[in-house]
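Enquirer: Sharing a sequence plus its predicted fold:
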Amino acid sequence: MTKAQRRDAARAEALALREKEQQRDRRNRIITLSVLAVALVALGVVVWMILQQGAKKNVDDVPLSEVTMPSTAQENGGIPVGADNAAGTTNDDAPVIDVYLDYMCPVCGQFEQVNAAGIDEMVGAGDATVVYHPISILDRLSAGTEYSTRSGAAAAYVADQAPEVFPAFHAALFTNQPAENTEGLSDEQLATYAEEAGAPAEVASAIEDGTARETFGQYVHSATLAIQETDGFTGTPYVLVDGEVVQNWNDPAGLQDAVTAAAGS
């Protein structure tokens, strides 16, 4: 090889080596960035889990009689509504309709569709008192947000702080009922519906910032434990008239007939 050829060959070899080094550097950068991205995602998941755990209010398996209940609740934890259309009111000597419900339960939503108007009519006429028992058997179906507990606690908070608004808020929770296996309504949305139902701004704010859940989450949990230990309870809606289970509530006349029978007994 001539001197010029050797020089050109050396330059070509040097160029090839440099390109190989550049390829290796690019590959290393891609690997490094990929590892960092995976690490950041993992860190984000860990942080999210920590925040979720921190957001949950611990509850204990304690009797309902030992927890803070809404001021309008009865001794058994139920929230009564009478002809005055406010939580904490009753119709004297009238049959009592007890409704155990979970605000995420789709069958509870069906119960409301079938019976809400009839219940309002009977209660308004003084022919019955309806007693609502918010419980949380479907927290597992709300994508980790514990919607059943949050919504039940929000209803309890409204019953406690703005009793005249409770019936409207209760109805709104079913009108806007989320589907199972979703996150449910956010606390902000629950607060909005409470305010639309007529709750004062401070009540809505307490729902949005978690105060409602902190105050009555244990109440909902303990009420759930209490009814689950009751013979005959199979799930929500669990409906009784003067202590007798109503099986045919999906017939609009079924509940009315049960109330009429109880009134005449």
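Expert: Nice, thanks for sending it over.
Enquirer: Mean pLDDT per helix and strand in this protein: which one sits at the bottom?
Expert: helix 3-55 (a mean of 66; mean pLDDT, DSSP states H and E).
Enquirer: Low-confidence stretches in the protein?
Expert: Regions of the chain meeting the criterion pLDDT under 70 cover residues 1, 3-4, 6-12, 14, 37-58.
Enquirer: try it again with 80
Expert: Low-confidence segments of the chain, defined by pLDDT under 80, are located at 1-22, 25, 27-29, 31-58, 265.
Enquirer: Report the central residue of the protein.
Expert: If you average the C-alpha coordinates of the chain and look for the closest C-alpha using CA atoms, centre = their mean, you land on Y147, 1.6 Å from that point.
Enquirer: and that residue, what does it touch?
Expert: The neighbourhood of Y147, defined by CB atoms under 8 Å, 6 or more residues apart in numbering, consists of 103-104, 138-139, 178, 183-185. In this view, the C-beta of every residue, glycine as well, is placed from N, C-alpha and C.
Enquirer: circling back to that earlier point, which elements pack onto the helix or strand following the least confident helix or strand of the chain?
Expert: With elements assigned by DSSP states H and E, the helix or strand that comes after helix 3-55 is strand 79-81. With contacts defined as 3 or more CB pairs under 8 Å, 6 or more residues apart in numbering; DSSP states H and E, the secondary structure elements packing on strand 79-81 are strand 129-134, helix 147-161, helix 166-175.
Enquirer: surely A154 meets A194?
Expert: Yes: here A154 lies in contact with A194, judged by CB atoms under 8 Å, at a distance of 6.7 Å.
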